[in-house]
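Colleague: just need the structure, nothing else, for what follows:
(one chain, ligands or ions: 1)
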Amino acid sequence: MTTHAAVTFSGVTKTYGTVRAVDDLGLELHAGETVALLGPNGAGKSTTLDLLLGLRPADTGEVRVFGTSPREAITAGRVGAMLQSGGLMDEVTVRELVGLGCALHPKPYPADEVLARAGLAQIADRKVNKLSGGQEQRVRFALATAGDSDLIVLDEPTTGMDVSARQAFWATMREQAEQGRTVLFATHYLEEADAIADRVLVLHRGRLLADGTAAEIKAKAGARRVSFDLEGEIDEAAIKGLPFLTGVAVSGRSVRIQSTDADATVHALYGLGVYPRNLEVAGLGLEQAFVAITEAEEAKAR
Ligand SMILES: Nc1ncnc2c1ncn2[C@@H]1O[C@H](COP(=O)(O)OP(=O)(O)OP(=O)(O)O)[C@@H](O)[C@H]1O
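Modeller: Sure thing, here's the model as predicted:
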């Protein structure tokens, strides 16, 4: 049997009028990967997921899911999806709606199991139109995991969920991934991407700007964080004049800077004749790396 990639995008472009939402995107997701899709508002994340699910046709290029068209993969029950928008049926109970989701899946799980996993057992008899935003998200989560799919696609899945719902959600997704499923999720919560994903894709204006592990993305940003405290008067102008800085924040006696050459910056700091206390040098967090990478791209476009 030929083993196909879970997802392949080849030269995919999608425009809405003059907006190029997805721009010549090439991408391969391997079976069993957990992949986070990051990008600023309007970067093309939802459009990419819509194309992957066959909800919109590509203008050019091709999308394949397990070697077939998205529609064939979905019909075969290989894909479970949780989208941002899309209304839920109103006048039915949670149990009825999730039951329907299970009935429509070619390889369904028992509805009670699905309800329990999504934390819906207690409110299974409530009408869907009486749910809070976070509870609605749980229902979408239940529908995405109604059956034994090989690929789970999630568009900003935890928006509106409280802390415990979020933790339970990611625990379930980890289990799904450990069982060999491919999980692709778009998110604005970079800490989730850092904690959950073994691969991170950064989209910007419909193009793939970075693709690697969270550690690789952090390294790609090429900067480090330096923080220290100073005693006495702080000469902000001198601090801002240090070499290799890409950012400075002074708060009281605490100084935080970002530098593309932390060794040289710290050397120059001592050269100012000041003695930093509590000096710490650390790599960028994924969030700062993301901001650095996307801002650098914006600067190029200006
Ligand atoms: N149906 C549509 N008609 C016209 N333009 C659209 C449509 N859907 C999306 N766009 C535009 O395409 C671009 C990409 O939108 P998309 O929703 O894919 O981005 P996103 O990365 O998911 O954004 P967000 O983080 O805000 O959800 C945006 O400029 C958006 O305004």
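Colleague: can you give me the end-to-end distance of stretch 234-254?
Modeller: One end of stretch 234-254 to the other measures 9 Å (CA to CA, to the nearest Å).
Colleague: whoops, I mixed them up, stretch 100-116
Modeller: 16 Å.
Colleague: now that stretch: buried residues?
Modeller: Within stretch 100-116, the residues scored as buried using 16 or more other CB atoms under 10 Å are Gly101, Cys102, His105, Pro108, Tyr109, Ala111, Val114, Leu115. No exception for glycine: its C-beta is placed from N, CA and C like everyone else's.
Colleague: of all these, which comes closest to Thr47?
Modeller: The shortest approach to Thr47 among the buried residues of stretch 100-116 belongs to Gly101, at 24.5 Å (CB to CB).
Colleague: can you pick out the most distant pair from the buried residues of stretch 100-116?
Modeller: Across the buried residues of stretch 100-116 (CB to CB), the longest gap, 14.3 Å, separates His105 and Leu115.
Colleague: what's the domain layout of the protein?
Modeller: Listed by automatic domain parsing, the domain ranges of the chain are 31-53+70-218, 223-283.
Colleague: in JSON lines, list those along with mean pLDDT and distance to the ligand.
Modeller: Putting the domains of the chain into JSON lines (pLDDT from 0 to 100; distance: least, CB to the nearest ligand atom, whole Å) gives the following:
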{"stretch": "domain 31-53+70-218", "mean pLDDT": "91", "distance to the ligand": "3"}
{"stretch": "domain 223-283", "mean pLDDT": "90", "distance to the ligand": "24"}
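Colleague: among the ones you listed, which is the most enclosed?
Modeller: domain 31-53+70-218 (a mean of 19; mean count of other CB atoms under 10 Å).
Colleague: what does the model give the closest residue to Thr182 other than its chain neighbours for pLDDT?
Modeller: Closest residue to Thr182 apart from its sequence neighbours, by CB to CB, 6 or more residues apart in numbering: Ala6 at 4.1 Å. We have a pLDDT of 95 for Ala6.
Colleague: ok, now how distant is Ala6 from Arg56?
Modeller: With distances taken as CB to CB, to the nearest Å, Ala6 is found 20 Å from Arg56.
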